[in-house]
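> fold the following for me, if possible:
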Amino acid sequence: MNEKSFIKSRLALKQMTMKELAGIMTEISGKKYTRDSLNGKFYRGTLSINEMHLIAKILDFSIDYKIL
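Next up, the predicted model:
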């Protein structure tokens with residue numbers, strides 16, 4: 001499962017839209033996010049680690065790092 005699919009499934013569980021997620025991200029970070037800008041980041045693969053941590057905080061999941 002890729003990041004976008006995972007986040008979309010978490011959004012569905014929270015009964016939240018991508019637009020609502022973008023709005024909350026904007027409120028918390030002070031940086032402007034839109035549904036289209038988030039979709040573009042997923043499509044281009046340019047979502048930053050900080051942005052992913054912010055999304056994890058909003059959608060109540062954690063990110064674990066593992067050394068291989």
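> Ser37 and Leu11: what is the separation?
Per Cβ to Cβ, to the nearest Å, Ser37 is found 16 Å from Leu11. (Each C-beta comes from the backbone N, C-alpha and C, glycine too.)
> higher neighbour count, those two?
Leu11 (17 against 13; other Cβ atoms under 10 Å).
> within the helices and strands, which one has the more buried one?
Using DSSP states H and E, Leu11 maps to helix 3-13.
> what's that helix packed up against?
Other helices and strands packing on helix 3-13, by 3 or more Cβ pairs under 8 Å, 6 or more residues apart in numbering; DSSP states H and E, are helix 18-29, helix 35-44, helix 49-59.
> same list (those) but as JSON lines, adding mean pLDDT and distance to Lys66.
Formatted as JSON lines, these follow (pLDDT from 0 to 100; distance: least, Cβ to Cβ, whole Å):
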{"stretch": "helix 18-29", "mean pLDDT": "98", "distance to Lys66": "26"}
{"stretch": "helix 35-44", "mean pLDDT": "95", "distance to Lys66": "22"}
{"stretch": "helix 49-59", "mean pLDDT": "97", "distance to Lys66": "15"}
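> tell me which of the ones you listed lies nearest to Phe6.
The closest of the helices and strands packed on helix 3-13 to Phe6 is helix 49-59. By Cβ to Cβ, the value is 9.4 Å.
> ok, residues contacting stretch 59-68?
Residues from elsewhere that reach stretch 59-68 (Cβ atoms under 8 Å, 6 or more residues apart in numbering): Ile7, Arg10, Leu11, Lys14, Met16, Leu21, Met52, His53, Ala56.
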